[in-house]
Structure formats: C-alpha cells, structure tokens
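In: Turn this into a structure:
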Amino acid sequence: MNHPQIIGKYLRRLTPDETKKLQSFPSNYKLDPNNNLALKQLGNSVNVYVVKKVISKLLEIN
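Out: Residues are numbered from 1 along each chain as shown. Model (predicted):
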C-alpha cells in the first residue's frame, strides 16, 4: 500500500518512477506495468546504498 505523502498542503502518491529513483534503481529498470503492483515491488525492496552505509558504520564500531 502506498500511503499519500504530504507535499506542501497537498496529499499525493509517489509515482513508480519517483519511488524507483529513491530506491536507487536504474532508470531503465522494468517494473510491472500495473502501477499498484510496481509500487508494491518497490516497497518490498531495500536500497543497497543504505545497507552498505549501515554495514560500514557497524564495522567501524567493532
């Protein structure tokens, strides 16, 4: 489920392309043509750059 995000005084949903950019997917990455399914796919993904950063910080602590 893609909850509306607050942008100024308006509520709107992120588009699959906006979500794809936030998750660091390449712009040519093919998603399901159905927007709801595409957003579900993206919502179940993990941003690899964020995971790398978290792990590198954890390794610095040890």
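In: Run the chain-centre distance for the strand or helix carrying Q41.
Out: Assigned by DSSP states H and E, Q41 belongs to helix 35-43. From the chain centre to the centre of helix 35-43 is a distance of 10 Å (CA atoms, centre = their mean, to the nearest Å).
In: what about K53, neighbour count?
Out: K53: 11 surrounding residues under other CB atoms under 10 Å. (Glycine included, C-beta is placed from N, CA and C.)
In: can you give me how far the strand or helix carrying it is from the chain middle?
Out: Per DSSP H and E, K53 falls inside helix 48-61. Averaged C-alpha coordinates place helix 48-61 at 18 Å from its chain's average position (CA atoms, centre = their mean).
In: Flag the helix or strand of the chain with the lowest per-element mean pLDDT.
Out: Least confident helix or strand of the chain, by mean pLDDT, DSSP states H and E, is strand 5-7 with a mean of 64.
In: Following that one in sequence, what is the next regular element?
Out: Next element after strand 5-7 (DSSP H and E): strand 10-12.
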